[in-house]
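Q: the following comprises the amino acid sequence and a computationally predicted model.
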Amino acid sequence: MMLKGELWPKTAPQTSANTNKRSLFVRHVIFTQGNPSKIRPVHIPPRSYFHAGLVSLVLMASLAHAQAGSPSPNGISSPRGTEPLLTLDEALREARNANAHLPVAALNIAIARTSVREVKASRSPTVALTGSANAGGPLAYTTSQGAAQVVGAATLFDGGLRRANLSAANFRLQGAGAGFRVAEKDVDLAVRLWFSEFLRAENEIAFREQGIERLRSYLSQVEGRRAAGQPVGSDVLTTRVRLGTEEAALADAKRALDEARLQLNDLMGRVPDAPLSVVPLPPPALPSIFAGSPWLATPDVRAAEANTAATQAAIAATRSERKPQLQVSANLGALPVFGHDSGTGPNSGTGLGGAVLFSLSWPFFDGGVFRARLDRARLEAQQARDSEIVVKRQVRFSSQLAAAQLARLYQQVETWDRNIPTARDAYLQTQSMYTGGAATALEVLDAYTSWINANQAYSDAVVRYRQAEANYIRWGTP
């Protein structure tokens, strides 16, 4: 960016009335990024040429100093601290390792695994050491004896109960894994959003500080004209009001930077008020949208599908309760271990021995308990199916909305990026015209406002693009 300006005399056409007079023209100061803009010169009367030229020289020097010492408003802002720079990938990795929400979600996976282990273990036989003792009399009424046995039991047929329970436990484990991925993607989304807000606040601070510096330079020029006796008191007041407004906006931008810093530090498990400096993101690029329906592979959809499958398995488990249940048990032991009376019941003898017992159970009436449990399982399955439909529609909508916004926001970013140099040049040209008396202070402030608004609009468009990009990653990718 270069500061180009020139003062030069131009000879006016000779006339019969005045052949020796010369008209002086002042070419306005123009800031350009390429070739200087061609601007029609403004004629300055000879009696005010010295004053206008002096002010123009002062203006060029002050603007050149501001240009060299201030960052580009639509460029990449530089970090404000001396702490190590943090990239977005490093912030995401640090948040995944230290965020307080993810360990809670990870415990759901561990709990679901224990349920699977429990169901699998229930399919194995059980072995137990049992013993009993009783005393009483007379012998015609009861016996006095003690028994010690090793008892083994196993279920031979359960109507599919254990298989259904194992299926439901596996689906809940899948749902817990998908739920952890949901929590992880939510953390990633929050990191991406606050990272973009942090950069937006830094960029806003940069261009507002640059604007305030130029506005103060303009105010000094206007105050100098008032000190020279020109009637520009209202211009001074108007400029001071605008300067105060810009200083308040700068304070708000610094507040937004503090909020983004605290939020980002908290997401990464750091002390919230710790200093933070980040590496700026590259400018927005033309978005790439996946073909087909990638949203179907998102963890939200997978968790909803797993929940639906688990409720279907619960229906099968409830129905198996009405089927026959066949069990077998065996025992080895000694009877009696004390006393001399003979035993009663299945083991009524004496000495060492063993026995095998088969038992069959087929429930057919329970007062409506089975029917109530089956109805509840069916309603829960219907609720899970409806919830799955809701989740799929929400994920599809969020994914397609983010994809549609990316394309439009990219166009906005490109447009506002082109508008910033134009708005800046228009402001500087209007300020130069004010120096030559061809523009009013209100026109200068309007041009300044347009330049600041163009910077603000570009910054907002970039943030909205980053937000849409983060939402598309959240809702459109696994």
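A: That came through fine.

Q: can you point out the buried residues in stretch 399-413?
A: Neighbour counts using 16 or more other C-beta atoms under 10 Å place 399, 400, 402, 403, 405, 406, 409, 410, 412, 413 of stretch 399-413 among the buried residues. No exception for glycine: its C-beta is placed from N, CA and C like everyone else's.

Q: among those residues, which one sits closest to residue 443?
A: residue 412 (27.2 Å; C-beta to C-beta).

Q: distance of that closest one from residue 421?
A: Distance, residue 412 to residue 421, by C-beta to C-beta, to the nearest Å: 17 Å.

Q: thinking residue 457 is in contact with residue 416, fair?
A: Yes - contact criterion C-beta atoms under 8 Å: residue 457 and residue 416 qualify, at 4.9 Å.

Q: neighbour count for the two, which is higher?
A: Per other C-beta atoms under 10 Å, whichever of residue 457 and residue 416 has more neighbours is residue 416, with 21 against 17.

Q: my read: the more buried one touches residue 461, true?
A: Yes - taking C-beta under 8 Å as the definition, residue 416 is a contact partner of residue 461 at 5.3 Å.

Q: quick one, phi/psi of residue 99?
A: phi -70, psi 140 (degrees, to the nearest 10).

Q: which neighbouring elements make contact with the longest strand belonging to the chain?
A: The longest strand of the chain (DSSP state E) is strand 145-157. For strand 145-157, the packing partners by 3 or more C-beta pairs under 8 Å, 6 or more residues apart in numbering; DSSP states H and E come out as strand 126-134, strand 325-335.

Q: adjacent strands (with direction) for the last one?
A: With DSSP bridges as the criterion, the sheet partners recorded for strand 325-335 are strand 145-157 (antiparallel), strand 351-361 (antiparallel).

Q: kindly report the same for the shortest one.
A: Within its sheet, strand 126-134 is paired with strand 145-157 (antiparallel), according to DSSP bridges.

Q: now the element after the strand it pairs with, going C-ward?
A: helix 161-227 (DSSP states H and E).

Q: now that following helix: mean pLDDT?
A: Confidence for helix 161-227, expressed as mean pLDDT, is 95.

Q: ok, stretch 288-298 next?
A: For stretch 288-298, the mean confidence score works out to 90.

Q: show me the contact partners of that stretch.
A: 301, 392, 395-396, 398-400, 403, 406-407, 472, 475-478 (C-beta atoms under 8 Å, 6 or more residues apart in numbering).

Q: buried residues in it?
A: Buried residues in stretch 288-298 (16+ other C-beta under 10 Å): 294, 295, 298.

Q: okay if I get those residues as JSON lines plus distance to residue 269 and secondary structure?
A: Formatted as JSON lines, those follow (distance: C-beta to C-beta, whole Å; DSSP: H, G, I helix; E, B strand; the rest coil):
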{"residue": "294", "distance to residue 269": "30", "secondary structure": "helix"}
{"residue": "295", "distance to residue 269": "30", "secondary structure": "helix"}
{"residue": "298", "distance to residue 269": "26", "secondary structure": "coil"}
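
Q: low-confidence ranges in this structure?
A: 1-82, 137, 139-140, 142-144, 335-351 (pLDDT under 70).

Q: ok, now how distant is residue 412 from residue 390?
A: Residue 412 is 32 Å from residue 390, by C-beta to C-beta.

Q: kindly report the same for residue 155.
A: 39 Å.

Q: by how many degrees do the strand or helix carrying residue 107 and helix 161-227 diverge?
A: Per DSSP H and E: residue 107 is located in helix 101-121. Angle between the axes of helix 101-121 and helix 161-227 is 170 degrees (criterion: axes from the mean of the first three to the mean of the last three C-alpha atoms, to 10 degrees).

Q: would you map out the domains in this protein?
A: Using automatic domain parsing, the domains assigned to the chain come out as 1-69, 70-476.

Q: output stretch 108-119 as CSV, nothing but the C-alphas.
A: The C-alpha trace of stretch 108-119 is given here as CSV (Å, rounded to 0.1, in the frame of the first residue of the first chain):
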residue,chain,number,x,y,z
ASN,A,108,-21.2,-44.5,29.7
ILE,A,109,-19.2,-46.7,27.4
ALA,A,110,-17.5,-48.5,30.4
ILE,A,111,-20.9,-49.0,32.1
ALA,A,112,-22.4,-50.4,28.9
ARG,A,113,-19.5,-52.8,28.6
THR,A,114,-20.2,-54.2,32.1
SER,A,115,-23.8,-54.8,31.1
VAL,A,116,-22.6,-56.9,28.1
ARG,A,117,-20.2,-58.8,30.3
GLU,A,118,-23.0,-59.5,32.8
VAL,A,119,-25.4,-60.9,30.2
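
Q: perfect, that will be all.
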